[in-house]
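Enquirer: Quick one: sequence plus predicted model below, questions after.
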Amino acid sequence: MIEVRDVTKIYTAKGKDIVGVKNVSLTIEKGEIFGIVGYSGAGKSSLLRCLNLLEKPTSGEILIDGVPITTLSKKELREERLKIGMIFQHFHLISAKTVFENIAFALRAAGKKKAEINQKTLELLQMVGLENQKDQYPAQLSGGQKQRVGIARALANDPKVLLCDEATSALDPNTTKSILSLLKSINKKLGITIVLITHEMEVVKEICHRMAVMQDGEIIEAGDVYNLFAHPEKELTKTFISSVIQMELPEPLLKGRKGVVIKIHFKGAIAEEAVVSELFQNFKVKGNILHGKIEYIQETPLGIFIMELLGEEAEVKRAITYIKDRIQNLEVVKQVA
Amino acid sequence: MLDSLYSILPDLNKAFFETLYMVAISLGVALIVGLPLGIALFVTDRGLFFENVWIKQVAGVLVNLIRSVPFIILLVALLPLTQLITGTTIGPTAASVSLSVAAIPFFARLVETSLREIDKGVIEAAVAVGATPWMIIREVLLPEAKPGIVQAITVTAISLLGYSAMAGIVGGGGIGDFAIRFGYYRYDNTIMLTTVILLIVIVQLMQVIGDGVARAVNKR
């Protein structure tokens, strides 16, 4: 669907070159929700803006549905943009136009007939739940409502792709949830490919299928969201994940332990099995759960347990081997003191 | 005192309409020419959809050139042009030519400034939606800058009122000229005061109407 080939974006400001995006290659599949995470200045916004050529890449190629958008003429690019919707952190609605007119604007840009515009705009308003606000001006709406108008405008011309530039970063947690579920349902219902950038891991956890982590203009890690959450490799990825799944034990608490402290990741179906209780039945060890959590990432459970095993050394070792056989991911955090 | 006031009424009335005439014509020309010029100054700027350094520079220099000439000099310097356009160099119609020439760049700069205040993101969103430049100008730039443009019209009209006082140099007439000739040169304080009060009232009225309209069109 979207193919980014070796894209680099260099900004020149006051004679200095600043690298925004560095040799990024990326393939985003049709119908998936792809998240790009990074701190501000990591280049994720620049990368996203390259996808509809709001920023022209310095080098590299971008294909949307096979169309190399980097080589299009101005007119062709305008037509291509009709098929790429975009929503923004600060909504960017036309303040002098009503909700209805803001959405109709996008349809007029596509040269639609008046009757069609009216009908489609009403449909869109219904989809985002703003039928009653159609004659209000943006200033009279809440943040969440403004973003809904933004979404309706972005979807007006039935795009194949929706780009979300920090779409929920200016919203409160509840509103964020409702916007995210709206995006999710749009993705399911319309099969539209969504690319979003965010610094909030919660958003990725909530709706993304795959994700990429960006640092200093480069993609340092990418893959399936569930797998990355279960086995992050890069430090930055771990930091981001720990912002939604706290997995570390406080140092003083760890010091006071007498037994062996282990950390277990349960992935997928195994998280629902009774591995731990079987452990206590089969081995003469006592367990002391220090920390435990099961997160659901796209309806798949990811369990993390930190516990202390007490008992004879040999028995504890056998117990650990038993768990390791059943679950690949076991980490001994602390050996016997 | 009332007698002298009464005796000047016909003249004052004539002066009033002369002022109105000159301000209206030059304001009209400023709107027709200055608005597109102001838009051109803005959209040819860096990073915008009609980015064009050459046009931007030439238009910018031209605007600054006219704006830096004191109006009274412009008035005289433009006499050949006035002759060409109106066939005469005296009277309110003749004065309107140089008033218009002064008002165009003045208004254009004000328009440019109010366009600059629009959130760049809104323009960008319109670009991302696939709108044509013409659509963006008509449906994003102008509506978004409308309150600012209304203020610009007010400021331009009031400045033109001030400039029009100098139109007396070319026999343009008007209230300002009337005040200078009858009030100032003849030391007639009554006339002086009356005309000044009249000017104050007109300026106030313009400002109040301008502010009111600007508020009414502001949806922010």
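Expert: Cool, the structure landed.

Enquirer: Just the helices from chain A, written as ranges.
Expert: Here chain A has its helices, by DSSP state H, at A:44-50, A:74-81, A:99-109, A:114-127, A:143-155, A:173-190, A:201-207, A:225-230, A:235-242, A:251-255, A:275-282, A:313-326.

Enquirer: what's the second one packed up against?
Expert: Translated: helix A:74-81. Counting contacts by 3 or more CB pairs under 8 Å, 6 or more residues apart in numbering or on different chains; DSSP states H and E, helix A:74-81 is packed against no other helix or strand. The way it works is simple: take the backbone N, C-alpha and C, and place the C-beta from them, glycine included.

Enquirer: and that helix with helix A:99-109, angle?
Expert: 130 degrees (axes from the mean of the first three to the mean of the last three CA atoms, to 10 degrees).

Enquirer: buried ones in helix A:74-81?
Expert: Residues of helix A:74-81 classed as buried under the neighbour-count rule (16 or more other CB atoms under 10 Å in any protein chain shown) are A:77-78, A:80-81.

Enquirer: Centroid-nearest residue for the chain?
Expert: As the question left the chain open, I've gone with chain A. For chain A, the residue nearest the mean C-alpha position is A:Val204 (2.7 Å; CA atoms, centre = their mean).

Enquirer: let's do chain B instead
Expert: Note: chain B centre (CA atoms, centre = their mean) maps to B:Thr156, 3.3 Å.

Enquirer: Let me have the buried residues of helix A:74-81 in CSV, extended by pLDDT and distance to A:Ile186.
Expert: Below are these laid out as CSV (pLDDT from 0 to 100; distance: CB to CB, whole Å):
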residue, pLDDT, distance to A:Ile186
A:Leu77, 94, 24
A:Arg78, 93, 24
A:Glu80, 94, 20
A:Arg81, 95, 19
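
Enquirer: thinking again about what came up before, next up, the contacts around the residue nearest to the centre of chain A.
Expert: A:Val204 makes contact with A:35, A:37, A:198, A:211, A:225, according to CB atoms under 8 Å, 6 or more residues apart in numbering or on different chains.

Enquirer: Tell me, how many residues neighbour the nearest residue to the second one once chain neighbours are set aside?
Expert: Meaning A:Val37. If the residues on either side of it in the chain are set aside, A:Val37 comes closest to A:Val213, at 5.2 Å by CB to CB, 6 or more residues apart in numbering or on different chains. For A:Val213, the neighbour count with other CB atoms under 10 Å in any protein chain shown is 27.

Enquirer: so how far is B:Thr132 from A:Glu76?
Expert: Taking CB to CB, to the nearest Å as the criterion, A:Glu76 is separated from B:Thr132 by 13 Å.

Enquirer: now the angle between helix A:74-81 and the one helix or strand B:Ala126 maps to, please.
Expert: Using DSSP states H and E, B:Ala126 sits within helix B:120-128. Angle between the axes of helix B:120-128 and helix A:74-81 is 90 degrees (criterion: the same axes, to 10 degrees).

Enquirer: quick one: buried residues of helix B:120-128?
Expert: For helix B:120-128, the neighbour count (16+ other CB under 10 Å) marks B:121-128 as buried.

Enquirer: Equivalent analysis for stretch A:282-296, please.
Expert: Neighbour counts over stretch A:282-296 (16+ other CB under 10 Å) mark A:283, A:285, A:287, A:290-291, A:295 as buried.

Enquirer: what mean pLDDT does whichever helix or strand B:Ile200 is part of have?
Expert: B:Ile200 is part of helix B:189-217, with elements assigned from DSSP H and E. Confidence for helix B:189-217, expressed as mean pLDDT, is 91.

Enquirer: Which helix or strand in chain B has the lowest average pLDDT?
Expert: helix B:175-178 (a mean of 84; mean pLDDT, DSSP states H and E).

Enquirer: Distance from it to the middle of the chain?
Expert: Once both centres are worked out by CA atoms, centre = their mean, to the nearest Å, helix B:175-178 turns out to sit 18 Å from its chain's centre.

Enquirer: Tell me both backbone torsions, phi and psi, for residue 32.
Expert: Just going to use chain A. Phi and psi for A:Glu32, reported as degrees, to the nearest 10, are phi -100, psi 160.

Enquirer: The intended chain is chain B.
Expert: Residue torsions, per degrees, to the nearest 10, at B:Ile32 are phi -70, psi -40.

Enquirer: roughly how far apart are it and B:Ile104?
Expert: B:Ile32 is 9 Å from B:Ile104, by CB to CB.

Enquirer: more neighbours, the two?
Expert: Neighbours were counted for B:Ile32 and for B:Ile104 using other CB under 10 Å; B:Ile104 has more, 25 against 12.

Enquirer: The strand or helix carrying that one - contacts with which helices or strands?
Expert: Using DSSP H and E, B:Ile104 maps to helix B:92-116. Counting contacts by 3+ CB pairs under 8 Å, 6+ apart, helix B:92-116 is packed against helix B:2-29, helix B:35-43, helix B:53-68, helix B:71-77, helix B:79-86, helix B:142-163.

Enquirer: Just name whatever secondary elements the shortest one is in contact with.
Expert: Think helix B:71-77. Helix B:71-77 packs on helix B:92-116, going by 3+ CB pairs under 8 Å, 6+ apart.
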